[in-house]
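**Q** Provided below for reference: sequence and predicted model.
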Number of protein chains: 2
Amino acid sequence: MEKNTVLGSLAALAHDMRLDVFRLLVKAGPDGMAAGEIASMLDVRANTLSNNLTVLAAAGLVRSAREGRSIRYFANMDRMRALLGFLLEDCCGGRPEICQPVLDQITCNCRGCHA
Amino acid sequence: MEKNTVLGSLAALAHDMRLDVFRLLVKAGPDGMAAGEIASMLDVRANTLSNNLTVLAAAGLVRSAREGRSIRYFANMDRMRALLGFLLEDCCGGRPEICQPVLDQITCNCRGCHA
DNA sequence: CAATTATTTCCATTAAACATGAAATATGGA
DNA sequence: TCCATATTTCATGTTTAATGGAAATAATTG
């Protein structure tokens, strides 16, 4: 993953509303959510949300698809995975003795995951 | 990890020089690096670097310790681990079927790590 | 085609972040 | 104590990002 891509993803996520939006879309999973649904769920203005969705999309963290009158948004898990991979790579960065403890302690704590 | 803490960490890392600095400190490991070493290694001005080190420190991503005339900086791996944990948690967010593939594909690719 | 709903774009204003030069502080050595 | 080194702090000008109102675009329905 290129550094500028990483910077873009981090900057996109480093924002109160955008982090909420992204987390909501991750939770929504493959079904995604319409812009309007997101707006009412988070109780934010439509145009501000639209701007922030544009930022997230430009960063590659979400994608969109028109569905009738609505536009549905989806979290891009591949990008998320790549971002986490990059950050983890940094953690290790030539020093295996640092890497392993980090990986060992990171686990997924949702129901059903036993990583 | 609290949301504001996460936002602070993301914002701190979402900056060209700061990402470089943090990565350098991660690579340096427990030995850390003096501010001056960082500055000459990355070829940046001392005061700009100092400002950015302050930002990273405020975000909890690095810590510092005076050592004679120099001040030595260290990456805070606990914070990094917590950040990665939070982001991964988001990945899963109530949907185990999304979580596992993400974890499966994230590996440490430095020599010596077999996660 | 007019009306309605969903979302985006445009624009102006405000606020925040950034890099920089210059001055200040702290430490160690002559 | 005086000087050199290492780093930080301060003040400032500039750039960038965020917000929200109003208008525009797109799709559906009557």
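**A** Right, received. Where do you want to start?
**Q** Number of residues surrounding the nearest residue to residue A:17 once chain neighbours are set aside?
**A** Distances taken as C-beta to C-beta, 6 or more residues apart in numbering or on different chains put residue A:52 closest to residue A:17, at 5.3 Å, once the chain neighbours are dropped. Yep, even glycine has a C-beta here, placed from its N, CA and C like the rest. Neighbour count of residue A:52, defined by other C-beta atoms under 10 Å in any protein chain shown: 22.
**Q** Next: residue A:5.
**A** Counted with other C-beta under 10 Å, residues neighbouring residue A:5 total 15.
**Q** Wait, it touches residue A:58, no?
**A** No - if you go by C-beta atoms under 8 Å, residue A:5 and residue A:58 don't touch, sitting 11.0 Å apart.
**Q** Using CSV, write down the CA coordinates of the helix or strand where residue A:38 lies.
**A** In this assignment (DSSP states H and E), residue A:38 forms part of helix A:35-42. The C-alpha trace of helix A:35-42 is given here as CSV (Å, rounded to 0.1, in the frame of the first residue of the first chain):
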residue,chain,number,x,y,z
ALA,A,35,-27.2,8.0,2.5
GLY,A,36,-30.5,9.0,4.0
GLU,A,37,-30.5,6.1,6.4
ILE,A,38,-27.0,7.0,7.6
ALA,A,39,-28.1,10.7,8.0
SER,A,40,-31.1,9.8,10.2
MET,A,41,-29.2,7.1,12.1
LEU,A,42,-26.4,9.5,13.0
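**Q** if I look at the closest residue to residue A:16 other than its chain neighbours, how far off is residue A:20?
**A** Nearest non-adjacent residue to residue A:16, counting by C-beta to C-beta, 6+ apart: residue B:7, 6.4 Å away. Distance, residue B:7 to residue A:20, using C-beta to C-beta, to the nearest Å: 10 Å.
**Q** buried sites along stretch A:12-30?
**A** With burial defined by 16 or more other C-beta atoms under 10 Å in any protein chain shown, the residues of stretch A:12-30 counted as buried are A:12-15, A:17-29.
**Q** Please determine how far residue A:3 is located from residue A:10.
**A** Residue A:3 is 10 Å from residue A:10, by C-beta to C-beta.
**Q** okay, these two: which has more neighbours?
**A** Taking other C-beta under 10 Å, residue A:3 and residue A:10 do not tie; residue A:10 has more neighbours (22 against 12).
**Q** Find the helix or strand that that one is a member of.
**A** Assigned by DSSP H and E, residue A:10 belongs to helix A:3-13.
**Q** Now do the helix or strand following that helix: distance to the chain's middle.
**A** Downstream of helix A:3-13, the next assigned helix or strand under DSSP H and E is helix A:16-28. Distance of helix A:16-28 from its chain centroid, counting by C-alpha atoms, centre = their mean, to the nearest Å, is 7 Å.
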